[in-house]
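Asker: with the sequence up front, the predicted model follows.
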Amino acid sequence: MFSVVITINDLFEFEGKPAPATRPDNAAIEAMVQRQFQFLPQPLKIEVRDTDVAIFFNEESAAAKEEAVRLAARASKRAAEGDYPKAISAWKRALELQPTLHAARRELAMVCVERGDAESAKNHLIEVLRLNPQDHWAYVVLANLYVADGDLATGEKFMRRALDLVPNDPWALNGMAAIAGKRGQNDEAMRLFERAIAVNPEFSNPRHGLALTLQRMGKLEEAETALEALFTIAKAQDVRSAPAFASGRALYAEVEKTLAEKRHSDAFKVVENLRAEVEQLSGYPVRVTEGVFRDKTGATIQMAWKHGSDHHLITLRKSFPSQLLTHLSAHELSHLRLEAEARKVGKNRFFLTNTATEEIAMQRLQNDIRKLQRKGYPQDAANRLAKSLVVGLMNFLYNCPLDMMIETQLRERLPVLRAAQFESLMLMADEAWQISTNPEIGEVTPPIIMRANMALNGAFALFLDHLFRGASDVASRFKKSETFGLSQRLFQLWQARFPQLGPGDEYALVDEFGEMLGLRGWFGWKDDPGAHKAKTPALKEGTTNPELLQQKLPAAVWHLLDALKRFAKLTPEQVRQIAFEIGTVGRNGLDYASPEPKYRLQTLPGESFTGLQLMCLMFAGFKKIAPDHDLGMNLEEPFLQALELFNAQKNKS
């Protein structure tokens, strides 16, 4: 015969009752045992002792046990695959054959938890503990169920029982940490989460819990580090591990959004330094403006040597979140650096489409153009649409492998930009997915173009998940696409080529991408002549005339004094927003020679400013929010004079 020993106090506890001060008589205890152990093979032999009860019952047959173990193993496999209905059915049949197979009963309880059936889960877990009061895992899960119901006291009681049995169990430590966090005991929660991680570094839940606690405490950089460890060190055991990673990714996006705003000032400085670096490398100044794009383009750059200009021109998408414009600027500046470096070694080439390439592409699309005509498109409109789709695809083909290079380099070289980079690229990835799955676009897009676009988007999604080391899961959207295999091959090609690429070698990678996509002949190359004659006159206004600025210094004192008075009434964040908006407006220079108040700011509506006023506002603003940053303006002396006047006036009041 088999036997189970259970304390009298546990009999009451498992019925949700407090143990009585006076021990009940034996008959009452026997009745409780009969009620609680009905699931065991009958009849039961019950032996009531002073503080516990021994229950004896007949052992199941060997054949029944063997079949029960087989069914339980099948159920575990089904559960790991996420097929819970079949898993539950198999476990229930296994328990009919062998009611004492408490491991199966425990796993059945876990699946009930996953499906949100808390009451069934509690009942199964209590039956597990009746059979084996030493099963610490059942206590852990039972505790978590009570915590989820808001009963922290009962949850803590069961969690402590688990730790009494196995003091270093990572799940129990994680559970106790979660309880401490819910009570606002953040330091204790951190200590317990860290202890659980030390016991099992690959366990995902405490890493997520630690990050959540750090975020709650406002320790965002530490939360970011904890989440990155979650994605790189923790392991997904099966589909039941997915929630911790999904919640971690959502939390990471939230943390990065806040950090992008917090680091905006430092990121702005770093990108301005990058701008100065590539200006020197390329030999031409960089102008920056904002514009409206018809599609979801984030930014563009016109190279001076491609457009016969005396400067490069970056156009940023006006509707893009302001704290993310630093990333768009850095990205376009990196395109410029790639070309400038290729020019230095005589390997720069211009990507082009012309009449010959257009003819090849349009020939491939003739059947699709006829289909558009049958849908009601006039021939000219169908041709224009096809040509515009070809141009869009060629731009994507050219930029996709280069963008992978650029974003990898930005991640390595400009760590202060990482949060903005993550948020920016996730935003653009979402937009790309919406376009890829838009049925109206799919209806008019030729299959070869749709296929190539989907393959490139899938490859870039794989790249993003690789770049962010699991903090994103963009590629999962494309896994069911028929082009996903091609996406994987494109990304694998990039991974193999990237480490060996020197200046100008990236153009060969574009060729290889085009070959894999079946787009041979749709584009071509033109050698960079290495020099050009500027067709546009040089811009004379702006901070390019130090002699003129010197003449303006006396007036600057009063403008700086006005700025100090204005900022004394504002929060640092308001000052930061004003200074940064002026920085954006003034990227192409401010006309401080003119007395005309021709500049307006969204942060200071209803006012107009001269170029000199804006320079003084920005200089005073950065002195308040980033005093060590050198703006390259010769305003230090007038600022000190203005500050002296400001302090003297303040002391008099």
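Answerer: Cool, got the structure.
Asker: for Leu313, phi and psi?
Answerer: phi -130, psi 120 (degrees, to the nearest 10).
Asker: how about the nearest residue to it, chain neighbours excluded?
Answerer: With Cβ to Cβ, 6 or more residues apart in numbering as the criterion, Leu313 has its nearest non-adjacent residue at 4.5 Å, and that residue is Gln302. C-beta here means a position set from N, CA and C on the backbone, and glycine is covered the same way.
Asker: for Glu222, same thing?
Answerer: Once flanking residues are discounted, Glu222 sits nearest to Leu214: 4.7 Å by Cβ to Cβ, 6+ apart.
Asker: so for stretch 28-39, what gets flagged as buried?
Answerer: Neighbour-count burial for stretch 28-39, counted by 16 or more other Cβ atoms under 10 Å, picks out 29-30, 32-33, 36-37.
Asker: do I have it right that the residue nearest to Leu313 meets Asp310?
Answerer: No - under the criterion of Cβ atoms under 8 Å, Gln302 is not in contact with Asp310, lying 11.9 Å apart.
Asker: what's the neighbour count on the residue nearest to Glu222?
Answerer: Look at Leu214: counted by other Cβ atoms under 10 Å, it has 23 neighbours.
Asker: for it, give me its contacts.
Answerer: For Leu214, the contacting residues are 190, 220, 222-223, 226, by Cβ atoms under 8 Å, 6 or more residues apart in numbering.
Asker: for the residue most central in space within the chain, which non-adjacent residue is spatially closest?
Answerer: With distances taken as Cα atoms, centre = their mean, Ala253 lies nearest the centre of the chain, 4.2 Å away. Excluding the flanking residues, the one nearest Ala253 by Cβ to Cβ, 6+ apart is Met426, at 6.6 Å.
Asker: for the helix or strand containing that neighbour, packing partners?
Answerer: Here Met426 sits within helix 418-436, counting by DSSP states H and E. Judged by 3 or more Cβ pairs under 8 Å, 6 or more residues apart in numbering; DSSP states H and E, the packing partners of helix 418-436 are helix 242-262, helix 325-344, helix 379-413, helix 447-467.
Asker: could you redo the last one with a cut-off of 10 Å?
Answerer: With contacts taken as 3 or more Cβ pairs under 10 Å, 6 or more residues apart in numbering; DSSP states H and E, helix 418-436 sits against helix 220-232, helix 242-262, helix 264-282, helix 325-344, helix 379-413, helix 439-444, helix 447-467.
Asker: of the ones you listed, which approaches Ala138 most closely?
Answerer: Taking Cβ to Cβ, helix 242-262 is the member of these nearest to Ala138, at 20.5 Å.
Asker: now do the closest one: which elements does it pack against?
Answerer: In terms of contacts (3+ Cβ pairs under 10 Å, 6+ apart), helix 242-262 is packed against helix 204-216, helix 220-232, helix 418-436.
Asker: ok and it relative to helix 220-232, angle-wise?
Answerer: Interaxial angle, helix 242-262 versus helix 220-232 (axes from the mean of the first three to the mean of the last three Cα atoms, to 10 degrees): 140 degrees.
Asker: measure how helix 242-262 sits relative to helix 204-216, angle-wise.
Answerer: Using the same axes, to 10 degrees: helix 242-262 against helix 204-216 is 30 degrees.
Asker: contacting residues around the residue nearest to Ala148 when sequence neighbours are not counted?
Answerer: Setting aside the residues directly before and after it, Ala148 is nearest to Ala118 in space (Cβ to Cβ, 6+ apart), at 6.9 Å. Counting by Cβ atoms under 10 Å, 6 or more residues apart in numbering, Ala118 makes contact with 112, 144-146, 148-149.
Asker: rerun at 8 Å
Answerer: By Cβ under 8 Å, 6+ apart, the residues touching Ala118 are 112, 145, 148-149.
Asker: what do you get for Lys387?
Answerer: Residues in contact with Lys387 (Cβ under 8 Å, 6+ apart) are 358, 362.
Asker: next one, pLDDT for it please.
Answerer: We have a pLDDT of 94 for Lys387.
Asker: how far away is it from Glu359?
Answerer: Per Cβ to Cβ, to the nearest Å, Lys387 is found 11 Å from Glu359.
Asker: from what I can see Leu192 touches Trp171, true?
Answerer: No - taking contacts as Cβ under 8 Å, Leu192 lies outside contact range of Trp171: 11.6 Å.
Asker: shared neighbours, the two?
Answerer: Between them, Leu192 and Trp171 share no contacting residue, judged by Cβ under 8 Å, 6+ apart.
Asker: so where's this protein shaky on pLDDT?
Answerer: Scanning the chain for pLDDT under 70 picks out 1, 237-240, 534-554, 652-653.
Asker: any chance you could map the strands in it?
Answerer: Counting by DSSP state E, the chain has strands at residues 2-7, 45-48, 52-57, 286-291, 299-302, 312-317, 349-352, 524-527.
Asker: summarise which helices and strands the fourth one is packed against.
Answerer: Contact here means 3+ Cβ pairs under 8 Å, 6+ apart; on that basis strand 286-291 packs against helix 264-282, strand 312-317, helix 325-344.
Asker: tally of neighbours for the closest residue to Val390 other than its chain neighbours?
Answerer: Of all residues not flanking Val390 in the chain, Ala361 sits nearest, at 4.7 Å (Cβ to Cβ, 6+ apart). Per other Cβ under 10 Å, the neighbour tally for Ala361 reads 23.
Asker: show me the contact partners of stretch 215-222.
Answerer: 181, 186, 214, 223, 251, 254-255, 258-259, 262.
Asker: how far does it stretch from start to finish?
Answerer: End-to-end distance for stretch 215-222, by Cα to Cα, to the nearest Å: 8 Å.
Asker: from what I can see the residue nearest to Val390 touches Gly524, true?
Answerer: No - between Ala361 and Gly524 there is no contact under Cβ under 8 Å: 11.5 Å.
Asker: any shared contact partners between these two?
Answerer: Thr353.
Asker: quick one: which of the contacts of Leu214 is most hemmed in?
Answerer: Ala226 (28 neighbours).
Asker: contacting residues around that one?
Answerer: Counting by Cβ under 8 Å, 6+ apart, Ala226 touches 207, 210-211, 214.
Asker: at 6 Å what do you get?
Answerer: Ala226 is in contact with 210-211, 214, counting by Cβ atoms under 6 Å, 6 or more residues apart in numbering.
Asker: excluding chain neighbours, give the residue nearest to it in space.
Answerer: Computed as Cβ to Cβ, 6+ apart, the closest residue to Ala226 that is not its neighbour in sequence is Ala211, at 3.9 Å.
Asker: tell me how far that neighbour lies from Ala189.
Answerer: Counting by Cβ to Cβ, the gap from Ala211 to Ala189 is 12 Å.
Asker: do Lys45 as well
Answerer: Using Cβ to Cβ, one gets 47 Å for the distance from Lys45 to Ala189.
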